[in-house]
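Undergrad: Give me the fold of what follows.
(one chain, ligands or ions: 1)
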Amino acid sequence: MTILLVGGGGREHALAWRLARDFPGASLVAAPGNPGIARLARCVPTAAHDVAGLVALAQAERATFVVVGPEAPLAAGLVDRLREHGIPAFGPTQAAAQLETSKAFAKQVMREAGVPTAHATRHADAASAKAAARALGAPVVIKASGLAAGKGVIIAQSMAEADAAIDAMLVGGEFGAAGAEILVEAFMSGEELSLFLLTDGTRALPLPAAQDHKRVGEGDTGPNTGGMGAYAPVTIATPEIVRAAIDRVAEPLLAAMRARGTPFTGLLYAGLMLTPDGPKVVEFNCRFGDPETQVVLPLLSANLGEMILAVARGDSLAGVPFPRQHDLAAVGTVVAAAPYPETPRTGMPLVLPADADDLLVFHAGTARDATGTLVVSGGRVATVVGLAPTFAQAQARSTAAAAEVRFDGAFFRRDIGWREAGRAPRRD
Ligand code: GLY
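TA: I've put the predicted structure just below:
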């Protein structure tokens, strides 16, 4: 068996780690991979956005199946092209990936399906958007409809902030085509959950729920980032909450996508707000989340790889039980390069702690220079994941390991999972 894994970040390193465990005899090829993935797979320098190059690579490698990590190749139709060539691929088609690539499309499908979410209106001109923001009142959410690298959502605390965000997107072209249409959305308060649902288009299998931290600073302060850490499981994601998310969100949404003739298969990432009326959708993503994947995948005792392969082949998940999980907690701390999320400095030599029974180190912004030295190549450099019987132990392990990451300008948050730290452990 040969598996082609597309992508080269921390999420893909975690996927490579999982696939290597679940298919011990398989040959793993990663495009483009990273130096951490290179310990598990043969890395080929084909970019994750090079759809034609990836199809050619999958053919040349006679890939049994392809696992697509990031959203960009899904948005560009990689899964469609692979299937046209008879190559099984894990991930949604371009049409189904619109659940992430167009927030306006996702709202429309949610409306059709009766999926609980915040009221929103879509706008291409600033005057109507500003009027809609005034009708809702502050705080109000202004969202670019398209892919904006996690930066296209502004929670405006005043009408002046709302006007500025609307003008930046619709007049100033801040996010280019991604911000040419925006949503003006009612603000929801509460705690957010990242719930990953593996789906064949009909059945949705939940993975352990996670929470991530998007702000750069401790106490969730400062600008948004790609994610500074995550933890799982989350005590407040009770079996009842997860059941409600499947019954009221995933199943009606999947049914609506089938009815449109664009079934969604792969990994549905439901970003949920826990409200007194039950979970409501903040957003959907069409792929595994980063850095949540780094903490969710190590918790599974079930063979995730077999389920991914079944979905890639178009097999049904009917009757497949919900994936079992270890009775463990995982906390992942992202070590970043200053001044991330502004343009970080790169090229510095880097030393990472070694993996251990209670520690997994996933590479993201790392590379080898011409001499083979490991160097920093991006803003989020690595996710260090502590694994332990309790949340507190896992957090202490992760924080201690983050302090062992050495490069000029390294920084990290010491409060990953602060909400969980304030909760009593769940007793099921
Ligand atoms: N953790 C957020 C994302 O993957 O989009």
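Undergrad: For the stretch 51-200 of the chain, list the residues in contact with the ligand, please.
TA: Within the stretch 51-200 of the chain, the residues that sit near the ligand (C-beta under 6 Å from any ligand atom) are G150. Where C-beta positions appear, they are placed from N, C-alpha and C, glycine not excepted.
Undergrad: Model confidence score at the closest residue to the ligand within the chain, please.
TA: Of all residues in the chain, G289 sits closest to the ligand, at 3.3 Å by C-beta to the nearest ligand atom. G289 carries a pLDDT score of 97 in this model.
Undergrad: That one should be in a strand, yeah?
TA: No: applying DSSP: H, G, I helix; E, B strand; the rest coil, one finds G289 to be coil, outside a strand.
Undergrad: Low-confidence ranges, this structure, go.
TA: Across the chain, the ranges flagged by pLDDT under 70 are 425-428.
Undergrad: who are the neighbours in contact with the residue positioned nearest the centre of it?
TA: Nearest residue to the geometric centre of the chain (C-alpha atoms, centre = their mean): G289, 1.2 Å. Each residue near G289 by C-beta atoms under 8 Å, 6 or more residues apart in numbering is listed here: 11, 194, 196, 210, 212, 227, 230, 269.
Undergrad: and with 6 Å instead?
TA: Residues near G289 by C-beta atoms under 6 Å, 6 or more residues apart in numbering: 194, 269.
Undergrad: And F23, by the same measure?
TA: Applying C-beta under 6 Å, 6+ apart, the residues near F23 are G305.
Undergrad: host element of L253?
TA: Remark: L253 resides in helix 251-259, with elements defined by DSSP states H and E.
Undergrad: Mind listing residues that contact that helix?
TA: For helix 251-259, contacts defined as C-beta under 6 Å, 6+ apart pick out 109, 112-115, 263-264.
Undergrad: How about the residues of the stretch 201-350 of the chain by the ligand?
TA: Contact residues, the stretch 201-350 of the chain versus the ligand (C-beta under 6 Å from any ligand atom): 212, 227, 285, 289-290, 292.
Undergrad: Number of residues surrounding the closest residue to A75 other than its chain neighbours?
TA: Excluding its sequence neighbours, the residue lying closest to A75 (C-beta to C-beta, 6 or more residues apart in numbering) is T101, at 4.6 Å. Using other C-beta atoms under 10 Å, the number of residues around T101 comes to 22.
Undergrad: Now that T101 has come up, it's in contact with A76, right?
TA: No: counting by C-beta atoms under 6 Å, T101 sits too far from A76 to count as a contact (9.7 Å).
Undergrad: about what we covered before: for the helix holding L253, could you pull out the residues that count as buried?
TA: 251-254, 256-257 (16 or more other C-beta atoms under 10 Å).
Undergrad: do stretch 270-279 as well
TA: Buried, per 16+ other C-beta under 10 Å, within stretch 270-279: 270, 272-274, 278-279.
Undergrad: Which two among those are spaced furthest apart?
TA: Farthest pair in the buried residues of stretch 270-279 (C-beta to C-beta) is A270 and G278. Separation: 12.8 Å.
Undergrad: coming back round to it: torsion angles phi and psi at the residue nearest to the centre of the chain?
TA: phi -90, psi 160 (degrees, to the nearest 10).
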